[in-house]
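Enquirer: Predicted model and sequence below, questions to follow.
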Amino acid sequence: MSKKYIAIVIAAVLGVAALIWTRPGPQQWHESVGVVWTTEYHIMYLGSDDLSDSIQAVLQQVDRSASVYNKSSLVAQFNDGNSLVANAILDTLYRASLVVHQASDGAFDPTVMPLVNAWGFGYKNGSLPTQAQIDSILQFVGLEKVSLKDGKLAKADPRVQLDFSSIAKGLACDEVGRMLRRNGVTSFMVEIGGEITCAGTNREGKPWRVSVDMPSDQPDTVSHEAALVLALNDGGVATSGNYRKFREAGAERISHIVNPKTGRSQTSDLLSVTVVAPNCMLADAWATACMVMETEGVQQMMQGRDDLGVMTISAIDDQLVVWSNARFANLIAQ
């Protein structure tokens with residue numbers, strides 16, 4: 001037997017062994033649960049491998065990029081300085097924020113952080129600000145004061161700060177979803193603190209069922225009353241409300257929703273907004289924007305849109321009034 005023949009046989013055996021070694025395992029459902037940014041996450045996916053480590057890596061990357069509570073994150077460095085080179089995550093967050101900011105006539109604005117701090121809902125403990133203090137802060141609030149050019153994120157005033165909290169969880173859901181797709185997963189649901197992105201089908205081979213809660217007058221309760229259930233095969237869902245996170249000043253409830261135009265805590269008859277969008281990042285941002293726009297403004301803007309499904313729940317004359325556009329209504333599970 002020639003050496004050349006032996007070499008060919010060995011190469012063939014090694015090739016078969018490599019194919020056997022790298023052959024994907026059987027498809028099965030996996031679950032990953034944990035806590036990130038003081039909120040729980042729950043991830044389900046159909047795949048051949050346990051991707052828990054990869055999920056953690058994605059969440060850590062988002063944290064290192066966009067968390068204002070991580071003092072070493074890129075956004076924290078931007079808030080402490082004047083400019084920096086944006087990575088892919090900051091680039092995506094800024095560009096998406098700018099789109100929603102402009103489309104909502106400024107209702108969505110991630111530079112509202114100093115006002116959020118002043119009202120006591122940010123990473124600094126504030127008290128109820130005076131009108132003079134609000135007016136002073138408003139001078140350096142506005143996304144038009146931030147620019148992204150040649151990969152560098154810069155600000156017109158050193159006091160400008162960015163807070164992507166109202167869009168970053170949605171992006172994190174999407175980033176985990178993209179990682180799952182890269183690993184061959186086509187059916188998954190990623191939920192972080194109530195924000196959801198999903199694709200494919202559930203364990204029963206049917207569209208994912210997403211429950212939307214009714215607002216509660218008991219914000220600390222762990223029980224949830226479903227307003228309705230959505231049936232989704234693809235896309236993102238986010239809900240924003242003012243009935244769980246607030247402060248009390250005497251008999252008045254101070255909402256964590258701060259209007260970037262007035263600088264004041266937003267008070268209205270709108271209790272919650274649920275948005276379905278092509279991805280969770282946009283759903284997250286639009287849900288926040290709608291809470292600033294109030295019931296009438298939301299209905300006027302969203303009535304005819306077919307790219308966003310929107311539902312509002314408002315308290316009118318001591319009754320809960322539910323409204324949705326056609327896109328949202330078509331997604332309600334039968």
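Expert: Received, thanks.
Enquirer: which residues of the stretch 51-200 of the chain fall in helices?
Expert: With DSSP state H, counting those that start in this stretch as the criterion, the stretch 51-200 of the chain has helices at 52-66, 74-80, 88-103, 113-118, 131-138, 165-182.
Enquirer: and those as TSV, adding distance to Pro207?
Expert: Heads up, the C-betas are built off the backbone N, CA and C, glycines and all. TSV is the format used below for the helices of the stretch 51-200 of the chain (distance: least, CB to CB, whole Å):
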stretch	distance to Pro207
helix 52-66	23
helix 74-80	35
helix 88-103	26
helix 113-118	36
helix 131-138	44
helix 165-182	16
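Enquirer: looking at these, which has the lowest confidence?
Expert: Here the helices of the stretch 51-200 of the chain differ in mean pLDDT, and the lowest is helix 113-118 at a mean of 88.
Enquirer: Keeping just the C-alphas, turn that helix into PDB.
Expert: Extracted in PDB, the C-alpha atoms of helix 113-118 (Å, rounded to 0.1, in the frame of the first residue of the first chain):
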ATOM      1  CA  MET A 113     -31.800  62.400  31.700                       C
ATOM      2  CA  PRO A 114     -31.000  65.500  33.800                       C
ATOM      3  CA  LEU A 115     -34.700  66.200  34.100                       C
ATOM      4  CA  VAL A 116     -35.400  62.600  35.100                       C
ATOM      5  CA  ASN A 117     -32.700  62.900  37.800                       C
ATOM      6  CA  ALA A 118     -34.200  66.200  39.000                       C
END
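Enquirer: same for it, what does it pack against?
Expert: The helices and strands touching helix 113-118, judged by 3 or more CB pairs under 8 Å, 6 or more residues apart in numbering; DSSP states H and E, are helix 131-138.
Enquirer: Show me what the helix it packs on is in contact with.
Expert: 114-115, 118, 129, 262-264 (CB atoms under 8 Å, 6 or more residues apart in numbering).
Enquirer: Turn these into JSON lines, columns for neighbour count and distance to Ile196.
Expert: Formatted as JSON lines, the contacts of helix 131-138 follow (neighbours: other CB atoms under 10 Å; distance: CB to CB, whole Å):
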{"residue": "Pro114", "neighbour count": "24", "distance to Ile196": "30"}
{"residue": "Leu115", "neighbour count": "27", "distance to Ile196": "28"}
{"residue": "Ala118", "neighbour count": "22", "distance to Ile196": "31"}
{"residue": "Pro129", "neighbour count": "19", "distance to Ile196": "34"}
{"residue": "Thr262", "neighbour count": "12", "distance to Ile196": "31"}
{"residue": "Gly263", "neighbour count": "21", "distance to Ile196": "31"}
{"residue": "Arg264", "neighbour count": "15", "distance to Ile196": "31"}
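Enquirer: Tell me the one of the residues you listed nearest Gln61?
Expert: The nearest member of the contacts of helix 131-138 to Gln61, counting by CB to CB, is Pro114 at 26.4 Å.
Enquirer: Name the nearest residue to the closest one, sequence neighbours excluded.
Expert: Counting by CB to CB, 6 or more residues apart in numbering, the nearest residue to Pro114 once its immediate chain neighbours are dropped is Ile137, at 4.9 Å.
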